[in-house]
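Enquirer: Kindly generate the corresponding structure for this input.
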Amino acid sequence: MNYISAKETATKWDISQRRVATLCSEGRIIGAMFVGNSWVIPCDAVKPIDARTKAASLINNEAKPFLKWAGGKGQLLKEIEQYYPFTKDVTITKYAEPFVGGGAVLFDILNKYELQEVYISDINAELINTYTIIRDDIDTLLDVLRRFEGDYLALDNSGRKEAYLAKRAHFNELKSKNENRVELAALMIFLNKTCFNGLYRVNRKGEYNVPIGAYKNPLICNEHNLKAVSKKLQNVKIVCGDYKESGDFIDDKTFVYFDPPYRPLTPTANFTSYTEGMFDDKNQLELAKFVQELDQKGAKIVASNSDPKNTNEDDNFFDDAYAKQNIKRVSATRMINRNSDKRGKINELLISNF
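Expert: Next up, the predicted model:
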(Lines give C-alpha, C1' and ligand atoms only; values in the text may rest on other atoms or scores of the structure.)
Protein backbone atom coordinates (compact mmCIF):
# COMPACT_ATOMS: atom_id res chain seq x y z
CA MET A 1 0.00 0.00 0.00
CA ASN A 2 1.34 3.45 -0.95
CA TYR A 3 1.10 6.41 1.44
CA ILE A 4 1.09 10.18 1.06
CA SER A 5 1.56 12.96 3.61
CA ALA A 6 -1.17 14.85 5.44
CA LYS A 7 -0.23 17.93 3.41
CA GLU A 8 -0.66 16.07 0.12
CA THR A 9 -3.96 14.62 1.35
CA ALA A 10 -5.19 18.09 2.32
CA THR A 11 -4.49 19.34 -1.20
CA LYS A 12 -6.14 16.29 -2.74
CA TRP A 13 -9.34 16.65 -0.64
CA ASP A 14 -9.37 20.46 -0.62
CA ILE A 15 -9.36 20.75 3.18
CA SER A 16 -6.80 22.03 5.67
CA GLN A 17 -3.85 19.95 6.80
CA ARG A 18 -5.04 20.42 10.38
CA ARG A 19 -8.43 18.94 9.43
CA VAL A 20 -6.67 15.90 7.93
CA ALA A 21 -4.76 15.42 11.20
CA THR A 22 -8.01 15.66 13.17
CA LEU A 23 -9.67 13.06 10.97
CA CYS A 24 -6.68 10.78 11.48
CA SER A 25 -6.70 11.18 15.26
CA GLU A 26 -10.43 10.42 15.30
CA GLY A 27 -9.73 7.16 13.50
CA ARG A 28 -11.92 8.18 10.56
CA ILE A 29 -9.32 7.57 7.83
CA ILE A 30 -8.84 3.83 7.43
CA GLY A 31 -5.18 2.86 7.33
CA ALA A 32 -3.78 6.23 8.47
CA MET A 33 -0.59 5.88 10.52
CA PHE A 34 1.28 8.27 12.82
CA VAL A 35 4.97 8.18 11.84
CA GLY A 36 7.53 10.22 13.71
CA ASN A 37 5.59 13.45 14.31
CA SER A 38 3.16 13.41 11.39
CA TRP A 39 0.40 11.39 9.76
CA VAL A 40 0.67 9.38 6.55
CA ILE A 41 -2.47 8.36 4.64
CA PRO A 42 -3.10 5.56 2.11
CA CYS A 43 -3.19 6.94 -1.44
CA ASP A 44 -6.57 5.35 -2.06
CA ALA A 45 -8.16 6.46 1.23
CA VAL A 46 -11.68 7.84 0.89
CA LYS A 47 -12.43 11.32 2.21
CA PRO A 48 -14.73 10.91 5.25
CA ILE A 49 -18.10 12.61 5.37
CA ASP A 50 -17.82 15.82 7.39
CA ALA A 51 -19.39 14.70 10.66
CA ARG A 52 -19.44 18.30 11.91
CA THR A 53 -22.58 18.99 9.90
CA LYS A 54 -26.02 17.92 11.03
CA ALA A 55 -26.74 16.11 7.78
CA ALA A 56 -23.55 14.14 8.03
CA SER A 57 -24.20 13.19 11.63
CA LEU A 58 -27.47 11.61 10.54
CA ILE A 59 -25.75 9.67 7.75
CA ASN A 60 -22.50 8.59 9.37
CA ASN A 61 -23.41 6.23 12.21
CA GLU A 62 -20.51 3.86 11.65
CA ALA A 63 -18.36 2.93 14.62
CA LYS A 64 -14.58 3.19 14.30
CA PRO A 65 -11.81 1.93 16.62
CA PHE A 66 -11.76 4.20 19.66
CA LEU A 67 -8.10 3.53 20.44
CA LYS A 68 -4.92 3.71 18.41
CA TRP A 69 -3.41 0.24 18.71
CA ALA A 70 -0.06 -1.11 17.56
CA GLY A 71 -0.69 -3.87 15.06
CA GLY A 72 -4.16 -2.54 14.24
CA LYS A 73 -5.63 -3.98 11.07
CA GLY A 74 -6.99 -0.82 9.42
CA GLN A 75 -4.56 -1.05 6.50
CA LEU A 76 -5.40 -4.72 5.85
CA LEU A 77 -9.18 -4.46 6.01
CA LYS A 78 -9.56 -4.65 2.24
CA GLU A 79 -7.66 -7.94 2.25
CA ILE A 80 -9.39 -9.37 5.31
CA GLU A 81 -12.92 -8.46 4.20
CA GLN A 82 -12.47 -10.72 1.17
CA TYR A 83 -12.77 -13.60 3.63
CA TYR A 84 -16.03 -12.45 5.25
CA PRO A 85 -18.37 -15.44 4.88
CA PHE A 86 -21.64 -13.65 5.63
CA THR A 87 -23.55 -14.53 2.47
CA LYS A 88 -26.91 -16.08 1.68
CA ASP A 89 -25.22 -19.28 0.66
CA VAL A 90 -23.30 -19.71 3.94
CA THR A 91 -25.10 -20.10 7.25
CA ILE A 92 -22.65 -18.06 9.33
CA THR A 93 -24.56 -16.07 11.95
CA LYS A 94 -21.90 -15.56 14.65
CA TYR A 95 -18.56 -13.75 14.92
CA ALA A 96 -15.69 -14.22 17.39
CA GLU A 97 -12.50 -12.18 17.79
CA PRO A 98 -10.45 -13.55 20.71
CA PHE A 99 -7.52 -11.08 20.35
CA VAL A 100 -9.71 -8.00 19.82
CA GLY A 101 -7.12 -5.25 20.39
CA GLY A 102 -8.27 -2.03 18.73
CA GLY A 103 -11.12 -3.84 16.97
CA ALA A 104 -10.69 -2.62 13.38
CA VAL A 105 -12.10 -5.87 11.95
CA LEU A 106 -14.76 -6.07 14.68
CA PHE A 107 -16.21 -2.66 13.91
CA ASP A 108 -15.99 -3.18 10.16
CA ILE A 109 -18.13 -6.31 10.56
CA LEU A 110 -20.54 -4.70 13.05
CA ASN A 111 -21.04 -1.80 10.63
CA LYS A 112 -21.81 -4.09 7.71
CA TYR A 113 -23.72 -7.05 9.11
CA GLU A 114 -26.48 -7.90 11.56
CA LEU A 115 -25.33 -11.04 13.39
CA GLN A 116 -27.10 -13.15 15.98
CA GLU A 117 -24.15 -13.38 18.38
CA VAL A 118 -20.76 -11.69 18.68
CA TYR A 119 -17.92 -12.59 21.08
CA ILE A 120 -14.74 -10.60 21.74
CA SER A 121 -11.97 -11.14 24.26
CA ASP A 122 -8.46 -10.11 25.21
CA ILE A 123 -6.13 -10.78 28.15
CA ASN A 124 -5.49 -7.05 28.54
CA ALA A 125 -7.80 -6.32 31.48
CA GLU A 126 -7.69 -2.54 31.06
CA LEU A 127 -8.59 -2.80 27.37
CA ILE A 128 -11.53 -5.11 28.09
CA ASN A 129 -12.68 -2.87 30.92
CA THR A 130 -12.78 0.04 28.46
CA TYR A 131 -14.87 -1.92 25.97
CA THR A 132 -17.24 -2.93 28.77
CA ILE A 133 -17.64 0.60 30.15
CA ILE A 134 -18.30 2.02 26.68
CA ARG A 135 -21.02 -0.58 26.22
CA ASP A 136 -22.60 -0.32 29.67
CA ASP A 137 -21.97 3.21 31.00
CA ILE A 138 -21.25 5.52 28.07
CA ASP A 139 -22.82 8.67 29.51
CA THR A 140 -20.76 8.59 32.71
CA LEU A 141 -17.62 7.87 30.71
CA LEU A 142 -18.26 10.82 28.40
CA ASP A 143 -18.69 13.14 31.39
CA VAL A 144 -15.24 12.15 32.69
CA LEU A 145 -13.59 12.39 29.26
CA ARG A 146 -15.03 15.86 28.62
CA ARG A 147 -13.49 17.02 31.90
CA PHE A 148 -10.16 15.38 31.09
CA GLU A 149 -10.08 17.00 27.65
CA GLY A 150 -11.06 20.47 28.83
CA ASP A 151 -8.53 20.49 31.66
CA TYR A 152 -5.71 19.13 29.51
CA LEU A 153 -6.14 21.41 26.49
CA ALA A 154 -6.15 24.48 28.74
CA LEU A 155 -2.58 23.75 29.91
CA ASP A 156 0.75 24.80 28.40
CA ASN A 157 3.31 22.16 27.41
CA SER A 158 4.86 21.99 30.87
CA GLY A 159 1.47 21.70 32.52
CA ARG A 160 0.40 19.00 30.07
CA LYS A 161 3.45 16.89 30.82
CA GLU A 162 2.83 17.17 34.53
CA ALA A 163 -0.85 16.29 34.09
CA TYR A 164 0.01 13.36 31.82
CA LEU A 165 2.48 11.87 34.30
CA ALA A 166 -0.03 12.28 37.14
CA LYS A 167 -2.75 10.49 35.16
CA ARG A 168 -0.34 7.76 34.12
CA ALA A 169 0.59 7.16 37.76
CA HIS A 170 -3.09 7.14 38.77
CA PHE A 171 -3.86 4.69 35.95
CA ASN A 172 -1.17 2.31 37.24
CA GLU A 173 -2.57 2.68 40.76
CA LEU A 174 -6.13 1.85 39.65
CA LYS A 175 -4.99 -1.12 37.53
CA SER A 176 -4.41 -3.19 40.65
CA LYS A 177 -7.80 -2.36 42.17
CA ASN A 178 -11.24 -3.60 41.25
CA GLU A 179 -12.84 -0.19 41.65
CA ASN A 180 -13.33 3.11 39.81
CA ARG A 181 -13.77 1.20 36.56
CA VAL A 182 -15.23 4.20 34.70
CA GLU A 183 -12.27 6.38 35.66
CA LEU A 184 -9.88 3.59 34.66
CA ALA A 185 -11.52 3.40 31.23
CA ALA A 186 -11.37 7.18 30.85
CA LEU A 187 -7.69 7.16 31.78
CA MET A 188 -7.05 4.39 29.25
CA ILE A 189 -8.54 6.53 26.49
CA PHE A 190 -6.84 9.72 27.72
CA LEU A 191 -3.40 8.09 27.79
CA ASN A 192 -3.92 6.50 24.39
CA LYS A 193 -4.79 9.86 22.82
CA THR A 194 -1.95 11.80 24.48
CA CYS A 195 0.92 9.31 24.73
CA PHE A 196 3.75 8.79 22.24
CA ASN A 197 2.48 7.17 19.03
CA GLY A 198 -0.66 5.73 20.64
CA LEU A 199 1.28 2.85 22.20
CA TYR A 200 0.13 0.57 24.98
CA ARG A 201 3.22 -0.86 26.64
CA VAL A 202 3.91 -2.10 30.15
CA ASN A 203 7.14 -2.93 31.96
CA ARG A 204 7.93 -6.18 33.77
CA LYS A 205 6.00 -4.95 36.79
CA GLY A 206 2.92 -4.49 34.62
CA GLU A 207 3.10 -0.71 34.83
CA TYR A 208 2.13 1.41 31.83
CA ASN A 209 5.28 3.37 30.95
CA VAL A 210 4.78 5.15 27.60
CA PRO A 211 5.96 8.80 27.60
CA ILE A 212 3.82 11.76 26.56
CA GLY A 213 3.30 12.48 22.87
CA ALA A 214 3.66 15.81 21.07
CA TYR A 215 0.03 16.42 20.03
CA LYS A 216 -1.07 20.05 19.90
CA ASN A 217 -4.81 19.43 19.94
CA PRO A 218 -5.60 15.77 20.72
CA LEU A 219 -9.23 14.68 20.48
CA ILE A 220 -9.60 12.97 23.84
CA CYS A 221 -13.39 12.84 23.94
CA ASN A 222 -14.67 11.73 20.54
CA GLU A 223 -18.29 11.75 21.66
CA HIS A 224 -19.80 10.96 18.25
CA ASN A 225 -17.71 7.83 17.71
CA LEU A 226 -17.89 6.60 21.30
CA LYS A 227 -21.69 6.72 21.20
CA ALA A 228 -21.65 4.83 17.90
CA VAL A 229 -19.28 2.25 19.42
CA SER A 230 -21.51 1.89 22.48
CA LYS A 231 -24.52 1.23 20.28
CA LYS A 232 -22.68 -1.41 18.24
CA LEU A 233 -21.44 -3.19 21.37
CA GLN A 234 -24.84 -3.59 23.03
CA ASN A 235 -25.28 -7.24 22.04
CA VAL A 236 -21.60 -8.19 22.11
CA LYS A 237 -20.28 -10.62 24.70
CA ILE A 238 -17.07 -9.10 26.12
CA VAL A 239 -14.66 -11.39 27.97
CA CYS A 240 -11.34 -10.78 29.70
CA GLY A 241 -9.49 -14.02 29.26
CA ASP A 242 -7.37 -16.37 27.20
CA TYR A 243 -8.34 -16.99 23.58
CA LYS A 244 -9.05 -20.65 24.37
CA GLU A 245 -12.11 -19.61 26.38
CA SER A 246 -13.79 -18.76 23.09
CA GLY A 247 -13.98 -22.47 22.28
CA ASP A 248 -17.35 -22.86 24.01
CA PHE A 249 -18.82 -20.05 21.87
CA ILE A 250 -17.44 -21.10 18.50
CA ASP A 251 -19.33 -23.62 16.39
CA ASP A 252 -20.06 -24.35 12.73
CA LYS A 253 -22.06 -21.11 12.44
CA THR A 254 -19.12 -18.92 13.53
CA PHE A 255 -16.60 -16.80 11.64
CA VAL A 256 -13.45 -16.38 13.76
CA TYR A 257 -10.65 -13.87 13.29
CA PHE A 258 -7.41 -14.33 15.24
CA ASP A 259 -4.94 -11.44 15.46
CA PRO A 260 -2.45 -12.63 18.11
CA PRO A 261 0.76 -10.86 19.10
CA TYR A 262 2.95 -11.24 16.03
CA ARG A 263 6.01 -13.46 16.03
CA PRO A 264 9.06 -11.12 16.02
CA LEU A 265 10.91 -10.95 12.72
CA THR A 266 14.22 -10.39 14.51
CA PRO A 267 15.44 -10.98 18.08
CA THR A 268 15.37 -7.21 18.71
CA ALA A 269 11.87 -6.72 17.30
CA ASN A 270 10.14 -8.19 20.34
CA PHE A 271 7.59 -5.59 21.40
CA THR A 272 7.21 -5.72 25.20
CA SER A 273 4.40 -5.66 25.86
CA TYR A 274 0.61 -5.24 25.78
CA THR A 275 0.48 -7.30 28.98
CA GLU A 276 3.08 -8.66 31.37
CA GLY A 277 3.15 -12.03 29.57
CA MET A 278 4.83 -12.98 26.33
CA PHE A 279 3.50 -14.87 23.31
CA ASP A 280 6.41 -17.05 22.24
CA ASP A 281 6.80 -19.80 19.65
CA LYS A 282 5.23 -22.35 22.00
CA ASN A 283 2.15 -20.12 22.28
CA GLN A 284 2.06 -19.67 18.51
CA LEU A 285 2.04 -23.44 18.02
CA GLU A 286 -0.68 -23.87 20.65
CA LEU A 287 -2.80 -21.33 18.76
CA ALA A 288 -2.23 -23.23 15.50
CA LYS A 289 -3.42 -26.41 17.23
CA PHE A 290 -6.49 -24.56 18.55
CA VAL A 291 -7.26 -23.33 15.03
CA GLN A 292 -7.14 -26.93 13.83
CA GLU A 293 -9.57 -27.95 16.60
CA LEU A 294 -11.99 -25.21 15.56
CA ASP A 295 -11.62 -26.28 11.95
CA GLN A 296 -12.88 -29.70 13.00
CA LYS A 297 -15.96 -27.98 14.46
CA GLY A 298 -16.73 -26.47 11.08
CA ALA A 299 -15.99 -22.84 11.95
CA LYS A 300 -14.74 -20.42 9.28
CA ILE A 301 -11.34 -19.12 10.45
CA VAL A 302 -8.88 -16.41 9.45
CA ALA A 303 -5.67 -15.61 11.34
CA SER A 304 -3.02 -12.93 10.85
CA ASN A 305 0.67 -13.04 11.66
CA SER A 306 4.09 -11.84 10.59
CA ASP A 307 5.89 -13.55 7.74
CA PRO A 308 9.29 -14.90 8.87
CA LYS A 309 10.40 -15.03 5.24
CA ASN A 310 10.77 -11.24 5.30
CA THR A 311 14.10 -11.79 7.04
CA ASN A 312 14.82 -15.47 6.48
CA GLU A 313 13.60 -17.15 3.30
CA ASP A 314 14.25 -20.56 4.87
CA ASP A 315 12.07 -19.93 7.94
CA ASN A 316 8.99 -22.14 7.46
CA PHE A 317 7.64 -21.74 11.00
CA PHE A 318 4.09 -20.77 10.01
CA ASP A 319 4.08 -22.75 6.77
CA ASP A 320 4.68 -25.85 8.90
CA ALA A 321 2.41 -24.85 11.79
CA TYR A 322 -0.51 -24.16 9.45
CA ALA A 323 0.29 -26.81 6.82
CA LYS A 324 -3.38 -27.86 6.69
CA GLN A 325 -4.62 -24.28 6.13
CA ASN A 326 -4.33 -21.84 3.25
CA ILE A 327 -1.64 -19.16 3.60
CA LYS A 328 -1.73 -15.90 1.66
CA ARG A 329 1.08 -13.36 1.81
CA VAL A 330 -0.12 -9.75 1.64
CA SER A 331 1.78 -6.47 1.56
CA ALA A 332 1.63 -4.29 4.67
CA THR A 333 3.51 -1.29 6.05
CA ARG A 334 5.20 -1.40 9.42
CA MET A 335 5.00 1.98 11.12
CA ILE A 336 5.85 1.53 14.81
CA ASN A 337 9.61 1.02 14.56
CA ARG A 338 11.44 3.94 16.20
CA ASN A 339 14.08 3.68 13.48
CA SER A 340 12.52 5.24 10.39
CA ASP A 341 14.92 3.27 8.16
CA LYS A 342 13.29 0.05 9.35
CA ARG A 343 9.74 1.14 8.54
CA GLY A 344 8.26 0.20 5.21
CA LYS A 345 6.62 -2.53 3.17
CA ILE A 346 6.80 -6.13 4.33
CA ASN A 347 4.67 -9.22 3.87
CA GLU A 348 2.18 -10.39 6.47
CA LEU A 349 0.29 -13.66 6.56
CA LEU A 350 -3.42 -14.26 6.25
CA ILE A 351 -4.15 -17.87 7.18
CA SER A 352 -7.54 -19.41 6.51
CA ASN A 353 -9.27 -22.78 6.51
CA PHE A 354 -11.38 -21.98 3.46
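Enquirer: does residue 75 count as helix, strand or coil?
Expert: When the structure is split into helix, strand and coil by DSSP: H, G, I helix; E, B strand; the rest coil, residue 75 lands in helix.
Enquirer: what sits against the nearest residue to it once chain neighbours are set aside?
Expert: Counting by Cβ to Cβ, 6 or more residues apart in numbering, the nearest residue to residue 75 once its immediate chain neighbours are dropped is residue 31, at 4.0 Å. Just so you know, the C-beta spots here come from the backbone N, C-alpha and C atoms, and that holds for glycine as well. With contacts taken as Cβ atoms under 8 Å, 6 or more residues apart in numbering, residue 31 has the following neighbours: 1, 41, 42, 45, 74, 75, 77.
Enquirer: again, but for residue 198
Expert: Residue 198 makes contact with 34, 67, 68, 69, 70, 192, 213, according to Cβ under 8 Å, 6+ apart.
Enquirer: what's the closest of those residues to residue 18?
Expert: Nearest to residue 18 among the contacts of residue 198 is residue 34, at 14.8 Å by Cβ to Cβ.
Enquirer: Just read off the phi/psi values of that closest one.
Expert: Backbone geometry at residue 34, expressed as degrees, to the nearest 10, gives phi -100, psi 110.
Enquirer: quick one on the thing from earlier: I'd like to know which of the contacts of residue 198 are buried.
Expert: Neighbour-count burial within these applies to 34, 67, 68, 69, 70, 192, 213; the criterion is 16 or more other Cβ atoms under 10 Å.
Enquirer: Just send these back as TSV, with distance to residue 130 too.
Expert: TSV is the format used below for the buried ones among the contacts of residue 198 (distance: Cβ to Cβ, whole Å):
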residue	distance to residue 130
34	20
67	7
68	13
69	11
70	16
192	9
213	19
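Enquirer: farthest-separated two in the residues you listed?
Expert: When Cβ to Cβ is used, the two most widely separated members of the buried ones among the contacts of residue 198 are 69 and 213, lying 14.6 Å apart.
Enquirer: C-terminal to the helix or strand of the chain with the lowest mean pLDDT, which secondary structure element comes first?
Expert: Counting by mean pLDDT, DSSP states H and E, the chain has its least confident helix or strand at helix 54-59, which shows a mean of 43. If you walk from helix 54-59 toward the C-terminus, the next helix or strand you reach (DSSP states H and E) is helix 77-80.
Enquirer: Which strands or helices does that following helix pack on?
Expert: Contact analysis of helix 77-80 by 3 or more Cβ pairs under 8 Å, 6 or more residues apart in numbering; DSSP states H and E lists helix 104-112 as its packing neighbours.
Enquirer: next one: the helix it packs on to chain centre, how far?
Expert: Using Cα atoms, centre = their mean, to the nearest Å, we find the averaged C-alpha position of helix 104-112 to lie 12 Å away from the chain's own average C-alpha position.
Enquirer: Now do it, average pLDDT.
Expert: Mean pLDDT, computed over helix 104-112, is 97.
Enquirer: Tell me what angle the helix or strand that it is followed by forms with helix 104-112.
Expert: Under the assignment DSSP H and E, the closest C-terminal helix or strand after helix 104-112 is strand 117-122. For strand 117-122 and helix 104-112, the angle between their directions (axes from the mean of the first three to the mean of the last three Cα atoms, to 10 degrees) works out to 160 degrees.
Enquirer: Now the residue sitting nearest the centre point of the chain. Nearest residue, chain neighbours left out?
Expert: Residue closest to the average C-alpha location in the chain (Cα atoms, centre = their mean): residue 102, at 2.0 Å. Counting by Cβ to Cβ, 6+ apart, residue 69 is the residue found nearest to residue 102 once chain neighbours are left out, at 3.0 Å.
Enquirer: host element of the residue nearest to residue 75?
Expert: Once you assign secondary structure using DSSP H and E, residue 31 falls outside every helix and strand.
Enquirer: ranges for the strands of the chain?
Expert: In order along the chain, the chain carries the following strands (DSSP state E): 3-5, 33-35, 38-42, 94-97, 117-122, 236-240, 254-258, 300-306, 326-334, 344-352.
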